[in-house]
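Engineer: Just to be clear, the model below is a prediction. Sequence and coordinates:
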Amino acid sequence: MTVVAFVNVITRYVVQYSLAFTEEIVVSLFVWLTLLGSAIAFREGSHLAFTYLVDRAPPGARRLALWLSAALSVALFVLLIYYGLLQIRSERLLGTTSEALAIPQWWYTAGIPVFGLLIVVRIVQAAVRAARRPGA
């Protein structure tokens, strides 16, 4: 993604010509990589968390907070998957293609429900792993 953007910048300044397709690729890859990075962060437990109150709560409240957080996170990404699928359906019905490459637009959008599902799996895995830890 960085290489594609870099090549576009160089060609724009050297030959005064911008490669239009690079914007499509970079924007789509940025969305895909952001979602993939979120899935990895959930797997690794590396999302930013404010645990001051939860760490000082009794075990029952900690367990409730863990599962409530997981349920709300899953609900958010299930909504993302749902609306991503609606968007894909709309793009397929309308036959929308990308401007520069004329690729079906739904190819770009397909990453949203796919990576959204991966994130849901990782959230559930992280919640189960956290619940099994002593003191959770």
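Structural biologist: Great, that's in hand.

Engineer: list the helices and strands the lowest-mean-pLDDT helix or strand in the chain packs on?
Structural biologist: Scoring the helices and strands of the chain by mean pLDDT, DSSP states H and E places helix 2-14 at the bottom, with a mean of 84. Contact here means 3 or more Cβ pairs under 8 Å, 6 or more residues apart in numbering; DSSP states H and E; on that basis helix 2-14 packs against helix 20-44. Any C-beta I mention is one placed from the backbone N, CA and C, and that applies to glycine too.

Engineer: Which of the residues in the helix it packs on are classified as buried?
Structural biologist: Applying a neighbour-count criterion of 16 or more other Cβ atoms under 10 Å, the buried positions in helix 20-44 are 21-25, 28-29, 32, 35-36, 38-39, 42-43.

Engineer: got the buried residues for the helix ranked longest in the chain?
Structural biologist: Counting residues, the longest helix found in the chain (DSSP state H) is helix 59-94. For helix 59-94, a neighbour-count test (16+ other Cβ under 10 Å) marks 62, 66, 69-70, 73-74, 77, 80-81, 84, 87-88, 91 as buried.

Engineer: Ramachandran angles for the residue of the chain most remote from its centre?
Structural biologist: The centre of the chain is farthest from one residue, residue 15, which by Cα atoms, centre = their mean lies 35.5 Å away. Phi and psi for residue 15, reported as degrees, to the nearest 10, are phi -110, psi 10.

Engineer: Give me the pLDDT value at it.
Structural biologist: On the pLDDT scale, residue 15 is placed at 86.

Engineer: Against residue 100, how distant is it?
Structural biologist: 17 Å (Cβ to Cβ, to the nearest Å).

Engineer: who does the longest helix of the chain touch, helix- and strand-wise?
Structural biologist: Applying 3+ Cβ pairs under 8 Å, 6+ apart, we find helix 59-94 packed against helix 52-55, helix 105-109, helix 111-132.

Engineer: Can you redo these as a markdown table, where the extra columns are mean pLDDT and mean neighbour count?
Structural biologist: Putting those into a markdown table (pLDDT from 0 to 100; neighbours: other Cβ atoms under 10 Å) gives the following:
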| stretch | mean pLDDT | mean neighbour count |
| --- | --- | --- |
| helix 52-55 | 88 | 10 |
| helix 105-109 | 95 | 19 |
| helix 111-132 | 96 | 17 |
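
Engineer: No further questions, thank you.
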